[in-house]
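Asks: please find the sequence and the predicted model below.
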Amino acid sequence: MARSKGIENIERDLTGNLQQDFNTFIRAALSDLSNQGSKEYSPVDTGFFASSWTAGTQRPRPDEARESVAPWSNIKPRRKGDQQNPQAVIEPRFIDSIPNFKPFSKVFIGNRSQYAARALASPNSQIPQYVQVKLRQLINTVFTDKPKLGVAAFGTGVRGKSDNVRFKGKGIGGFSDPSSVFVDYETP
């Protein structure tokens, strides 16, 4: 949300809003892929794959073996494909440690488990459907903050440093009060 009152702060405020929305989007996507929402997208046998989603400015390398990370090292994979292993543990390991990314930076979301390619190709994987359908919905949900610009004035000018801005006539809607002089913007 934009908090500053002067129009001169609009670029900084919108960049801040974009950065906040961008990081919210990344964390929400990681949460979805880690099966933290109402629907499971990642296949689950031991829970290691669903727990190994991360994001970074470089591609995450699939370099971590399940056998070397507790508690998954003590869980025996069933490999039945039924997604019903009662010992499975899903604890996202990287979501809390990812940095805040700047807008317009290239961010890669990936999985650190060594068997990531096999898990993605699993018939129990809903990740391709998530990327093709749900990711667009998440983008539309997160990036909804559009600024509402409003200008109202009376007489020949607008309060501020710029002398070449002229506004003639009466305001529109909520800005129709002829006694008001201001330049302001806010987000709904």
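Replies: Noted; the coordinates are in hand.
Asks: can you list contacts of stretch 60-78?
Replies: 45-48, 51-52, 54, 85, 87-89, 93, 108-117 (CB atoms under 8 Å, 6 or more residues apart in numbering). To be clear about C-beta, it is placed using only N, CA and C from the backbone, and glycine gets the same treatment.
Asks: what do you get if the cut-off is 6 Å, keeping everything else the same?
Replies: Asp45, Thr46, Phe48, Thr54, Asn85, Gln87, Val89, Gly110, Arg112, Ser113, Gln114, Ala116 (CB atoms under 6 Å, 6 or more residues apart in numbering).
Asks: list the buried residues in the longest helix that the chain contains.
Replies: Secondary structure of the chain read by DSSP state H shows that its longest helix is helix 10-33. Using 16 or more other CB atoms under 10 Å as the test for burial, helix 10-33 gives 13-14, 16-17, 19, 21-23, 25-30, 32-33.
Asks: tell me where the protein has strands.
Replies: 53-56, 108-111, 148-152, 182-186 (DSSP state E).
Asks: name the helices or strands packed onto the first one?
Replies: What that stands for is strand 53-56. In this structure, strand 53-56 packs against helix 10-33, strand 108-111, with contacts taken as 3 or more CB pairs under 6 Å, 6 or more residues apart in numbering; DSSP states H and E.
Asks: parallel or antiparallel, list what pairs with that strand.
Replies: In the sheet, strand 53-56 lines up against strand 108-111 (antiparallel) (DSSP bridges).
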